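1. just coords:
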């Protein structure tokens, strides 16, 4: 089993998603459903992080980044030395080509 950790920006992504769904969309049930799915995907990644495909659309990425779908979002992560780092969780229709810091 791999240890899964989140970068601070990934935690901020998740907080923003939950806030948007629960507050802006007034749908606490959907926010809970998102968290349940996130937990399910995280467990899959911890068991076998190679399950999901390499995301090859990022510019200048030194390490391979993989992508896992979580409802209407993509969870981006890398694998290094027996550990998984979640880099971002981003809406799946957002143009993210080569951009991680906005």
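-> Ah, there it is. Just so we're clear, the structure is a prediction, and the values are computed from it rather than from any experiment. Numbering: from 1, shown residues only.

2. Work out the gap between the helix or strand harbouring residue 84 and the centre of the chain.
-> Element membership of residue 84, judged by DSSP states H and E, is strand 83-91. Mean-position distance between strand 83-91 and its chain equals 4 Å (C-alpha atoms, centre = their mean, to the nearest Å).

3. With stretch 22-34 instead?
-> In terms of C-alpha atoms, centre = their mean, the centre of stretch 22-34 is set 18 Å apart from its chain centre.

4. ok, and for that stretch, which residues are buried?
-> 22, 31, 34 (16 or more other C-beta atoms under 10 Å). C-betas here are computed from N, CA, C, even on glycine.

5. Make CSV out of those and add pLDDT.
-> Shown next, in CSV, are those (pLDDT from 0 to 100):
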residue, pLDDT
22, 95
31, 95
34, 96
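
6. Between these, which sits nearest residue 50?
-> The closest of these to residue 50 turns out to be residue 34 (C-beta to C-beta; 24.3 Å).

7. Leaving out chain neighbours, which residue sits closest to the residue positioned nearest the centre of the chain?
-> Centroid-nearest residue in the chain: residue 75, 2.0 Å away (criterion: C-alpha atoms, centre = their mean). If the residues on either side of it in the chain are set aside, residue 75 comes closest to residue 68, at 4.6 Å by C-beta to C-beta, 6 or more residues apart in numbering.

8. Fine by me, thanks again.
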